[in-house]
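> give me a 3D structure for the following:
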Amino acid sequence: MGSTSSKTPLIFIVGETASGKTAVGIKIAQLVDGEIICADSRTVYKKMDIGTAKPTLSEQKLVPHHLIDIVEPNEKFSAAEFKRQAEKCIQDIGGRGKIPIIVGGTGLYVDALLYNFQFKDRPDETYRTQLLQMNDEELTTLLHTKNIDTSKLNTKNRRHVIRAIERDGEVPENTKMRSNAIILGLKLDREVLKTRIEKRIEEMFQRGFLDEVTKLYEYYGSELEAFKTPGYNAARKAMEGEISVQEAKIAFMHADLGLAKRQRTWFKRNKDISWFDNPEELAQEA
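Numbering: from 1, shown residues only. Here you go, the predicted model:
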C-alpha cells in the first residue's frame, strides 16, 4: 500500500441489500467532495444492470463511481482482485484531494479492504477443475475429510465451498482495522426492508429485467455463472417457460431476503461498525 492510500480518510458504508446504501453514499459524497468505490460482487459485471440494482446512469452522473462494469459476465472476479483494484482507486481519488467512500454489501470485499487482508497466491487451476467436477455430496465429504470449519461457511454456495477447500479452511490473514477509516452501517426494520425488496423487484421487471436476462442468455448461454445469483436464475426459468413471471418475482424476493439475512449475519460480527436506522443521521456522522 502506498502512502496516499494509508493516509487518505476512508468512509465505509455497509448494510443489507435494498437498505438504501447507494442513496446515502451519494449524499455523503456530495457533502464531503468524495467519490464512490462499489464493494459489490455483482455490480462489477457488465451488461448486468437491472437485476444487480446497479447505480443508475443518472446516479453515476451525480458522483463518480468506481469498480462498476469492469469484467464480462463470464469472467471470474475475486475478493483479492477487488482489493487490488480498490487500492488503486483509493490512490487515485486521494491523490486528487477527494474522499474515497466504499459502499457495498459484499462482506468479504469490505473486510479485505478495511482490514488489509493478505491473500494467498492464485489457486491451482488443475485442482480447481477437479473440484468443479465433484458433486455437492463429494465436496461436503472433502470438507469433513480436511476438517474444515464450516460454521462461517455458506455450504449451499459451491463457489464458497470450493474456495474453502482450496485454502484448506484457512481464512485470509488480516491486520487491525485501518486507522484512517470509519465504517458505518445502515440497518432497517426487517418488515420495512422486506417491503423495499418487494418494491424494488417489481420495478426491476417493469424496467425490462427479463429482456436483460434474455440478452445475457443469447450471448453467453445458459451455463453463465450470473444465472446462479439472486433473481437471474429465477428470471431465466421464467424466460424458458419453466415458471411464471409472478413465480419468478416471488423466487427473487425469497433469494434477496436470504441474501439480506446472510449480510446481516456477516456484518453483525463486526464490532467496529457504527449502526444507524436513519440515513440522515448516518450521513451527518460521516
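> can you give me the helices in the stretch 151-286 of the chain?
Counting by DSSP state H, counting those that start in this stretch, the stretch 151-286 of the chain has these helices, from start to end: 158-166, 190-206, 209-220, 232-239, 245-268, 279-285.
> let me know which of the ones you listed is tucked in deepest.
Of all the helices of the stretch 151-286 of the chain, helix 232-239 carries the top mean neighbour count, a mean of 22, counting by mean count of other Cβ atoms under 10 Å. C-beta here means a position set from N, CA and C on the backbone, and glycine is covered the same way.
> re earlier: out of the helices of the stretch 151-286 of the chain, which gets nearest to Lys83?
helix 158-166 (14.9 Å; Cβ to Cβ).
> same for the closest one, what does it pack against?
helix 125-132, helix 136-145 (3 or more Cβ pairs under 8 Å, 6 or more residues apart in numbering; DSSP states H and E).
> now do it and helix 125-132, the angle between them.
On the basis of axes from the mean of the first three to the mean of the last three Cα atoms, to 10 degrees, helix 158-166 is oriented at 130 degrees to helix 125-132.
> could you pull out the strands for the stretch 51-200 of the chain?
65-66, 99-104, 181-186 (DSSP state E, counting those that start in this stretch).
> starting at the chain centroid, how far to the shortest one?
Just to be clear, that refers to strand 65-66. 14 Å (Cα atoms, centre = their mean, to the nearest Å).
> which other helices and strands contact it?
Using 3+ Cβ pairs under 8 Å, 6+ apart: strand 65-66 touches strand 34-38, helix 79-95.
> would you mind confirming that Asp136 makes contact with Leu143?
No. In this structure, Asp136 is not within contact of Leu143 by Cβ atoms under 8 Å, at 10.5 Å.
> out of those two, which sits in the busier spot?
Leu143 (18 against 11; other Cβ atoms under 10 Å).
> can you tell me how far the closest residue to that one other than its chain neighbours is from Tyr127?
Among residues not flanking Leu143 along the chain, Thr150 sits closest, at 6.0 Å (Cβ to Cβ, 6 or more residues apart in numbering). Computed as Cβ to Cβ, to the nearest Å, the Thr150 to Tyr127 distance reads 20 Å.
> repeat for Thr17
33 Å.
> between the two, tell me which one has more neighbours.
Of the pair Thr17 and Tyr127, Thr17 is the one with more neighbours under other Cβ under 10 Å, namely 23 against 12.
> could you look up the SS state of the more buried one?
Secondary structure, DSSP: H, G, I helix; E, B strand; the rest coil: Thr17 is coil.
> per-residue confidence for the residue nearest to Leu143?
pLDDT, Thr150: 79.
> so it versus Arg159, what's the distance?
15 Å.
> re earlier: deepest-packed of the helices and strands packed on strand 65-66, please.
Per stretch, and counting mean count of other Cβ under 10 Å, the top mean among the helices and strands packed on strand 65-66 goes to strand 34-38, which has a mean of 25.
> buried ones in stretch 131-147?
Buried residues in stretch 131-147, defined by neighbour count with 16 or more other Cβ atoms under 10 Å: 131, 134, 139, 142-143.
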